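What follows is a protein structure lacking sequence information:
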DNA sequence: CCGGGAATGGCAACTTCTTGCCGGGATTGG
DNA sequence: CCAATCCCGGCAAGAAGTTGCCATTCCCGG
């Protein structure tokens, strides 16, 4: 197996222009992402007046995407159009798998363009698909997760703002009219959703997601 | 004085195309910024083969820009080309003042484009210029500041990485081969440079500056 | 009206961070 | 070589954040 032959596309435009025909003919698309910067945001919907050969769409995201109202709304709309959307706590890699025969792996951003590795080697694609399946099984359906965390998201923007302002928990809690214990509960939940072990990490991630 | 007539340009391209002639004929330009995303980064140098009518250039930045090696290098190069560069702890607004007659005030980012307010009203421009002067006087010359904080910047990237990894101070210190006390000194210095009161804020700001 | 479940917030024990203090080792200038 | 200085890192007191526990309250379905 030659490991040195993985074509890499640079930037979203190149990705879209070179892979559009694959999406057009696909019957099963699975998609995993840590945020919406990668796939969906820049490609709102390929062509939503094409319900004839609607492929099976499975989308797997990390919970923090739901903290961004517009991202959350986008996902709900996607689900409403027939896609299966799940949320997982797993530390997933950003991946698209088409018909279990081709995988697109998002890489690092270089010079403002993200690299996308195109994998066709069947054995590798199968492995990637297995990893996806495992994460998929561990995921929660969007609607369920959504309901469970409704009250968190209601408060999250203000909590984030207060955290970003640098004030102490005591101050922030009073500002929100909450007890310190409850405020800290919200912060802890927020950090769990962000997958952050420390407040520093939470701050970085929140900024990353454009939540502050 | 009518407050409702401040022309606003949207996005860097529009700003550059509409104000290029102003920069070309200016004899004194002052520039304040919290980071290099606003002015300098996207406009490396207007035309550096034009030393004939070199205007007086004063640039004032917040210390955290120096944490980014490429930003720091850019500033040093700017200073080497004859600009006066200072560092201030003040919470400055992003501003350009041309010949003390026109001020360009950076505003918020909307739809990915930053708004730039163009102010020509003499009284307002004078006020803005006074604010700038005050901050300028409180600033430290780049070379001096640079020397004072050399050893911090050497360690900063690794400290930031460890903070971003979410590990405890104990772990991070040992990873760096430092005592916990020293590691915490570095973190405190870093937070001071970032102007952060909490680690959450520091994380957000670090991410903001692209330091992690 | 009553019992169950969920959210709240006070309490408290612990952990983690923050900082001043200070002695010891390295560096530098005389 | 000595002294001044700087940086390091242990110590410790105190502040801030983390979490389990639990009584109280509210809401809801029975």
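Good, I have the coordinates. These numbers were taken from a predicted model, which means no experiment stands behind them.

Thought residue B:203 was touching residue A:204, still the case?
Yes: Residue A:204 lies in contact with residue B:203 (Cβ atoms under 8 Å); the separation is 3.9 Å. Every residue, glycine included, has its C-beta placed from N, CA and C.

list the residues that contact both of those two?
Taking Cβ atoms under 8 Å, 6 or more residues apart in numbering or on different chains as the contact rule, residue A:204 and residue B:203 both touch B:164, B:212.

quick one: which of the two has more around it?
residue B:203 (32 against 28; other Cβ atoms under 10 Å in any protein chain shown).

My reading is that that one lies in a helix. Confirm?
Yes: secondary structure of residue B:203 (DSSP: H, G, I helix; E, B strand; the rest coil): part of a helix.

Distance-wise, check it relative to chain A.
From residue B:203 across to chain A, the span is 3 Å (Cβ to the nearest Cβ, to the nearest Å).

need the contact list for that residue.
Counted by Cβ under 8 Å, 6+ apart, residue B:203 has contacts A:199-207, B:163-164, B:212.

What residue, apart from its backbone neighbours, is nearest it spatially?
residue A:203 (2.9 Å; Cβ to Cβ, 6 or more residues apart in numbering or on different chains).

again, but for residue A:117
residue A:105 (4.4 Å).

what bridges to the one you found?
With DSSP bridges as the criterion, residue A:105 is bridged to residue A:95, residue A:117.

For it, grab the count of nearby residues.
Residues lying near residue A:105 (other Cβ under 10 Å) number 18.

now stretch A:205-212, how far from the centre of its chain.
Per Cα atoms, centre = their mean, to the nearest Å, the displacement of stretch A:205-212 from the mean C-alpha position of its chain is 13 Å.

what about that stretch, start to end distance?
By Cα to Cα, to the nearest Å, the extent of stretch A:205-212 from end to end equals 10 Å.

Just checking that stretch against chain B, any contact.
Yes: for stretch A:205-212, a contact with chain B is found by Cβ under 8 Å from any Cβ of the partner chain, at A:205-208, A:212.

closest to chain B among the residues you listed?
For the residues of stretch A:205-212 next to chain B, the minimum distance to chain B (Cβ to the nearest Cβ) is 4.0 Å, reached by residue A:207.

List the contacts of the closest one.
Residue A:207 is in contact with B:203-205, B:207-208, counting by Cβ under 8 Å, 6+ apart.

which one among the residues you listed gets closest to residue A:174?
Closest approach to residue A:174 among those (Cβ to Cβ): residue B:204, at 22.1 Å.

Just after the helix or strand hosting residue A:134, pick out the following helix or strand.
Here residue A:134 sits within helix A:122-138, counting by DSSP states H and E. Remark: after helix A:122-138, the chain's next helix or strand is strand A:140-141, criterion DSSP H and E.

For residue A:155, which non-adjacent residue is spatially closest?
Closest to residue A:155 by Cβ to Cβ, 6+ apart is residue A:186, at 5.6 Å.

Nearest to chain B: which residue in chain A?
Distances between chain A and chain B by Cβ to the nearest Cβ are smallest at residue A:203, namely 2.9 Å.

how near is that residue to residue B:187?
Residue A:203 is 13 Å from residue B:187, where distance means Cβ to Cβ, to the nearest Å.

Give me the common contacts of these two.
Residues touching both residue A:203 and residue B:187 (Cβ under 8 Å, 6+ apart) are residue B:199.

I'd like to know which residues of chain A are adjacent to DNA strand D.
Applying Cβ under 7 Å from any atom of the strand, one finds that chain A approaches DNA strand D through A:168-170, A:180-181, A:184-185, A:187-188, A:191, A:198-199.
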